[in-house]
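> Just the structure for this:
(chains A and B)
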2 protein chains.
Amino acid sequence: MQVALVTVGDELLAGDTVNTNAAWLGERLGERGVAVGRTVVVPDDVDAIREEVSRLSERYDAVLVTGGVGPTHDDVTMDGVAAAFDRQVGEHEGALAYFDRHDTYAAEDLTEGTTHLPEDARLLENPAGVAPGAVVENVYVLPGVPDEMKGMFETVAEEFAGEGTHVEEVVVDAPESSLIDAVAELRAEFDVTVGSYPGEEVRVKIQHPDAETARAAADWFEERVQER
Amino acid sequence: MQVALVTVGDELLAGDTVNTNAAWLGERLGERGVAVGRTVVVPDDVDAIREEVSRLSERYDAVLVTGGVGPTHDDVTMDGVAAAFDRQVGEHEGALAYFDRHDTYAAEDLTEGTTHLPEDARLLENPAGVAPGAVVENVYVLPGVPDEMKGMFETVAEEFAGEGTHVEEVVVDAPESSLIDAVAELRAEFDVTVGSYPGEEVRVKIQHPDAETARAAADWFEERVQER
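Now for the predicted structure:
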């Protein structure tokens, strides 16, 4: 299973906000064996959201959209997602029923628009806030406020499951360029996916669907590097 | 002037690294009056890089690509950018000359591939590291290591300039949904761009090319909100 993320918000493009939502989702999906193939950041603009959601929902098993959910004037994500599937946005019976069941909010006290969702959408409850999310075809729409996004993702997490992948990490105190031969041998020897991430030290991440192979490859690499 | 960012790296998609490079570039470009219209995160994969660079370079005035620059096996950004313009990657005379001029590195001590750039690329010097960057048509290729990316961006910053935009910020201690009417009136009254960002308090960002208009709109909004 491979998914794409669409994170919505002018503030992300302007650099006022760092995209921690994308990182959190990438990590959480990775734990479930699901890879993120692409992340796209779009402005609060119906056409931009429509275009990217349309493009990515055809190519990936699922698309997770975060941000721009709610009743304020720059919350246009539901409109963009609906447009990607030629649907209208309107009063949603399920959303009205959801607020009826809710202790804290009565539908008549809500800001207009809070109960508006794409037609025939599946409603996603918001365990940490007010505005509900939605699922339209293979597109999941979550809020942008991190706590709300995380809480809502957990309500659908089980719908995301891929082949497990096992990750081993080896930390090496040497320049990344000095590891080139060792990494090439590692990949030839074990058919593993290898990433190397320079910093104060170099972190080498070794992945394989089979835990024993990943572990054996990491042990081999650690020895190989110590030889130098 | 409007640009797109392409940030390359499996570690970004997996959430191992938060995309602070995109935020830094968004902020720095914004200071120069240049808007980021789209940010795309792609894996360390030649085809993915080629596809997104090709798509975005046609639609935006410039594309800034970060990450995957250097001689290790997962550094394939130069190949992807070259492929987007049907060019080859090979030994670059300018890169050889650059290392000849450099005090610290002699070309023969470099890892193979360090001096390989897309043909006819303009070389960008790396003030904080080894691997050079490149400009191909309207695409700027910078390293992913933040200090190297920042240092290299500054060498080309003057090539990015847009109409100035002035930003004023008003912080309001009230729920975002209570500001809807005031924001609508503000936009009707002053033709400004308005973004609202909820947190402990709500930050309302008001933008206009003219500084006086932005300031007047912010003053008006502050008074309007205090009336409640």
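> mind listing what's buried in stretch A:4-16?
A:4-16 (16 or more other C-beta atoms under 10 Å in any protein chain shown). For glycine as for every other residue, the C-beta is placed from the backbone atoms N, C-alpha and C.
> One more: stretch A:200-211?
A:202-208.
> And A:Leu56, its phi and psi?
Dihedral pair for A:Leu56: phi -80, psi -30, per degrees, to the nearest 10.
> residues in contact with the closest residue to it other than its chain neighbours?
Of all residues not flanking A:Leu56 in the chain, A:Ala4 sits nearest, at 4.1 Å (C-beta to C-beta, 6 or more residues apart in numbering or on different chains). Contacts for A:Ala4 were tallied using C-beta atoms under 8 Å, 6 or more residues apart in numbering or on different chains; they are A:36-40, A:56, A:59-60, A:62-64.
> How about the longest helix along chain A and chain B, any contact?
Of all the segments of type helix in chain A, defined by DSSP state H, the longest one is helix A:211-227. No - Helix A:211-227 lies apart from chain B when judged by C-beta under 8 Å from any C-beta of the partner chain; the minimum separation is 13.6 Å.
> Isn't A:Thr20 up against B:Val18?
Yes - A:Thr20 is within contact range of B:Val18, at 5.8 Å (criterion: C-beta atoms under 8 Å).
> picking up where we left off before, may I see the buried residues of stretch A:200-211 arranged in JSON lines, with secondary structure as well?
Output for the buried residues of stretch A:200-211, formatted as JSON lines (DSSP: H, G, I helix; E, B strand; the rest coil):
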{"residue": "A:Val202", "secondary structure": "strand"}
{"residue": "A:Arg203", "secondary structure": "strand"}
{"residue": "A:Val204", "secondary structure": "strand"}
{"residue": "A:Lys205", "secondary structure": "strand"}
{"residue": "A:Ile206", "secondary structure": "strand"}
{"residue": "A:Gln207", "secondary structure": "strand"}
{"residue": "A:His208", "secondary structure": "strand"}
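> what ranges do the strands span in chain A?
A:2-8, A:35-42, A:62-66, A:89-91, A:116-118, A:122-124, A:133-136, A:139-142, A:166-172, A:193-197, A:202-208 (DSSP state E).
> Format these as TSV; extra columns: mean pLDDT.
Supplementary listing: these in TSV, determined by pLDDT from 0 to 100:
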stretch	mean pLDDT
strand A:2-8	97
strand A:35-42	97
strand A:62-66	98
strand A:89-91	92
strand A:116-118	93
strand A:122-124	96
strand A:133-136	97
strand A:139-142	98
strand A:166-172	89
strand A:193-197	83
strand A:202-208	88
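> Quick one: residues contacting A:Pro146.
Residues near A:Pro146 by C-beta under 8 Å, 6+ apart: A:20-21, A:24.
> Could you do A:Ala84 as well?
By C-beta under 8 Å, 6+ apart, A:Ala84 lies in contact with A:49-51, A:53-54, A:57, A:136, A:139.
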